[in-house]
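Asker: kindly return the folded structure for what I paste below:
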Amino acid sequence: MIFKPKQLGRQGLEAEQLVADKKQCRKIGPCGVGEKAMYLNSFYIDRRYYVPFSSITRVFKRIAMSKGGYTGKGIFAAIPYLVVEYDNGMQKQCNFKREEQVDQILSYLQTKKPGLKLHSAEAEKRLAEKARIAKERRNRVVSPEAQAQIADLERAQEYLEQRPQLYQELSAAAKKKRTYDRSNPAYKWAALFITLMGLAALLYGIYALVTHAGFAMYFLLLGLAAIFLFSGAHVLPTAKNNRRFIERKLNEAERAMEDYLALYGTFPVPARYAHPGVLMRMTEVLALERAHTPEEALETVKKDLKALNSSVSVEQEEFDEIMAVKPMFLVHDYE
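Answerer: The predicted structure is shown next:
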């Protein structure tokens, strides 16, 4: 091990255990999940720290919004974090570039460590209250037919949640396509031009540094800044950031979901919309008697999602849920 992870918290692993556990850990983004510990990043170095599971009390996602904070209106630039809480309140916050990687870690932990808390204390309270209200609504449903339909949707949701990576990849691919479709192509080529200029400045800076031509350091810093800025922002048109690749990933995610649902039989929604968030919304629609069949419930969910725009305020948990499912409908024009 070239860089030994630094221990966080009071408990640690034996050197041999640490080496073996880190070597076989599941790497997701800048962090990793082993059998005995989680491996967390510093700002610059992946898996720089470790915390044994014996010290961890909860792991959850935190989203930092752009200037002004979370308002519940529209779509703001967001920075995803994975927060690991250990030793009775100590926290380590890990920054990620891609929110879906945080979701993948939480999904993996749900499978590997089923007893671990995966929400913040505040979110747990809100979710418990939401579940209580949902239960009261369902108890008011008197129609046996509605009860049977809700039970069918819940079984379908449980089936989906057995393979969370499938609906997470479907949601992430739809988000990626939606973002790409709404991006002005001119921005990408402008970013490429600026990056090439930065590369030229970097090369000239190296030349000036070698020949003592003066101002070398300024060209070096300018070139590096341009290259890192636009590469890190994923603006450049690259092999993985172009229409053909993005559409192929979405098609692959949908085919994988179709193959999985084929084993279920008759699923209540098309594979392109197969997400627990969609099924939960359909369940609520039936419980409130806003629809009388699953087909009508899906159409009602579509209308509700269409009505959600930048002028509508929602709670943060609902905002996260909307951001997970609405792009799946948008890229297919709600068909």
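
Asker: what does Asp181 show for phi and psi?
Answerer: Here is the backbone geometry of Asp181 (degrees, to the nearest 10): phi -60, psi -30.

Asker: let the chain start at 7 from now.
Answerer: Done: numbering now begins at 7, and the last item shifts to Asp187.

Asker: check contacts around it.
Answerer: Shown in contact with Asp187 (CB atoms under 8 Å, 6 or more residues apart in numbering): Val337. Where C-beta positions appear, they are placed from N, C-alpha and C, glycine not excepted.

Asker: quick one: residues in contact with the helix or strand that contains Val57.
Answerer: Val57 belongs to strand 55-58 when assigned by DSSP states H and E. Under the criterion CB under 8 Å, 6+ apart, residues 11-15, 17-19, 24, 28, 42-48, 90, 92, 98 lie in contact with strand 55-58.

Asker: now with 6 Å?
Answerer: 11-12, 14-15, 17, 19, 42-46, 90, 92 (CB atoms under 6 Å, 6 or more residues apart in numbering).

Asker: any quick ChimeraX command for the buried ones out of these?
Answerer: Remark: buried members of these, expressed as a ChimeraX selection using 16 or more other CB atoms under 10 Å:
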select :11,14,15,19,42,43,44,45,46,90,92
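
Asker: identify, from the contacts of strand 55-58, the entry nearest to His298.
Answerer: Nearest to His298 among these: Val90, at 45.6 Å, using CB to CB.

Asker: please report how far that closest one lies from Ile111.
Answerer: 10 Å (CB to CB, to the nearest Å).

Asker: equivalent analysis for Gln171, please.
Answerer: 12 Å.

Asker: so for the two, which residue has more residues nearby?
Answerer: A count of neighbours by other CB atoms under 10 Å puts Ile111 above the other of Gln171 and Ile111, at 24 against 14.

Asker: dump the contacts of strand 55-58 into TSV; add pLDDT as well.
Answerer: What follows is the contacts of strand 55-58, written out as TSV (pLDDT from 0 to 100):
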residue	pLDDT
Pro11	92
Lys12	93
Leu14	93
Gly15	87
Gln17	90
Leu19	93
Lys42	95
Ala43	95
Met44	96
Tyr45	96
Leu46	96
Val90	96
Tyr92	95
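
Asker: give me the subset of the contacts of strand 55-58 that lies in helices.
Answerer: Per DSSP state H, helices hold no members of those.

Asker: quick one, helices of the stretch 207-341 of the chain?
Answerer: Under the criterion DSSP state H, counting those that start in this stretch, the stretch 207-341 of the chain contains helices at 222-238, 249-268, 282-293, 300-313, 322-336.

Asker: so who does Thr306 touch?
Answerer: With contact set as CB under 6 Å, 6+ apart, Thr306 has these partners: Val291, Arg296, Ala297.

Asker: out of the helices of the stretch 207-341 of the chain, nearest to Pro274?
Answerer: With CB to CB as the measure, helix 300-313 is the member of these nearest Pro274 (4.6 Å).

Asker: what angle do the closest one and helix 282-293 make?
Answerer: For helix 300-313 against helix 282-293, the angle by axes from the mean of the first three to the mean of the last three CA atoms, to 10 degrees is 110 degrees.

Asker: just how off-centre is helix 300-313 within its chain?
Answerer: Put simply, helix 300-313 sits 24 Å off its chain's centre (CA atoms, centre = their mean, to the nearest Å).

Asker: buried set for that helix?
Answerer: Pro300, Ala303, Leu304, Thr306, Val307, Lys308, Leu311.

Asker: ok so, going back, what's the most buried one of the helices of the stretch 207-341 of the chain?
Answerer: Most buried of those, by mean neighbour count (mean count of other CB atoms under 10 Å): helix 282-293, with a mean of 23.

Asker: could I get it in PDB with only the CA atoms?
Answerer: Below are the C-alpha coordinates for helix 282-293, written out as PDB (Å, rounded to 0.1, in the frame of the first residue of the first chain):
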ATOM      1  CA  PRO A 282     -39.800   3.300  -6.900                       C
ATOM      2  CA  GLY A 283     -40.500   7.000  -6.800                       C
ATOM      3  CA  VAL A 284     -43.000   6.600  -9.700                       C
ATOM      4  CA  LEU A 285     -44.700   3.700  -8.000                       C
ATOM      5  CA  MET A 286     -44.900   5.500  -4.700                       C
ATOM      6  CA  ARG A 287     -46.600   8.500  -6.400                       C
ATOM      7  CA  MET A 288     -49.100   6.100  -8.100                       C
ATOM      8  CA  THR A 289     -49.900   4.500  -4.800                       C
ATOM      9  CA  GLU A 290     -50.600   7.900  -3.200                       C
ATOM     10  CA  VAL A 291     -52.900   8.800  -6.200                       C
ATOM     11  CA  LEU A 292     -54.900   5.600  -5.700                       C
ATOM     12  CA  ALA A 293     -55.000   6.100  -1.900                       C
END
